[in-house]
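> A predicted structure for the sequence below; I have some questions about it.
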Amino acid sequence: MTNLKINNWVFLDLDEIEFSAIRAQGSGGQNVNKVSSAIHLRLDIGKSTLPDFLQKKILALADQRISNSGIIVIKAQRFRSQDKNRDDAIERLLVLLKKAAKNTKTRRTTKPSRSSQRKRMDSKTKRGKTKALRGKVGRQ
């Protein structure tokens, strides 16, 4: 697997992704102190072969994994195996890139229909009359 498929038109070469093995955090006994099983995935968006429109969309995402300098950093340490953590990091990167590549529909402003406006005003009038009946009863 040399290319990651983001959608039918966009692919990312695995050579552009930098992996580094680090020691995982948290409990795990003696093994966690000896083995570097966690993975740091780094992708420089500006230097990647991704199309310009997709690079802009990725940089516009409000995601804490994207630094101000345009580098995606994903830390995977869910599994005890380095290979599984590497696959997990790639999968999480794919989810992020697919989210950015997805086209969002533009919102069209709508106007309430006359009948819905009339129904709303009628219900408000009826509610007001009901509340008016709750007042003090006048003496004669």
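Noted; the coordinates are in hand. Residues are numbered from 1 along each chain as shown.
> hey, let's count contacts and neighbours off CA atoms from now on
OK.
> show the pLDDT at Met121.
You'll see Met121 listed with a pLDDT of 97.
> name the element it belongs to?
Per DSSP states H and E: Met121 is located in helix 114-132.
> swap in Leu54?
helix 52-60.
> related to what we said a few turns ago, CA atoms of the helix holding Met121 as CSV?
Output of helix 114-132 as CSV, limited to C-alpha atoms (Å, rounded to 0.1, in the frame of the first residue of the first chain):
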residue,chain,number,x,y,z
ARG,A,114,-47.9,32.8,5.3
SER,A,115,-50.0,30.0,6.8
SER,A,116,-47.3,29.1,9.3
GLN,A,117,-47.0,32.8,10.3
ARG,A,118,-50.8,33.0,10.7
LYS,A,119,-50.9,29.8,12.8
ARG,A,120,-48.2,31.1,15.0
MET,A,121,-50.0,34.4,15.6
ASP,A,122,-53.3,32.6,16.2
SER,A,123,-51.7,30.4,18.8
LYS,A,124,-50.1,33.4,20.5
THR,A,125,-53.5,35.2,20.6
LYS,A,126,-55.2,32.2,22.0
ARG,A,127,-52.6,31.7,24.7
GLY,A,128,-52.8,35.4,25.6
LYS,A,129,-56.6,35.2,26.0
THR,A,130,-56.2,32.1,28.2
LYS,A,131,-53.8,34.0,30.5
ALA,A,132,-56.0,37.1,30.6
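> tell me which element the nearest residue to Val73 once chain neighbours are set aside is part of?
Of all residues not flanking Val73 in the chain, Arg42 sits nearest, at 4.7 Å (CA to CA, 6 or more residues apart in numbering). Assigned by DSSP H and E, Arg42 falls within strand 38-44.
> average pLDDT across that strand?
Per-residue scores along strand 38-44 average to 88.
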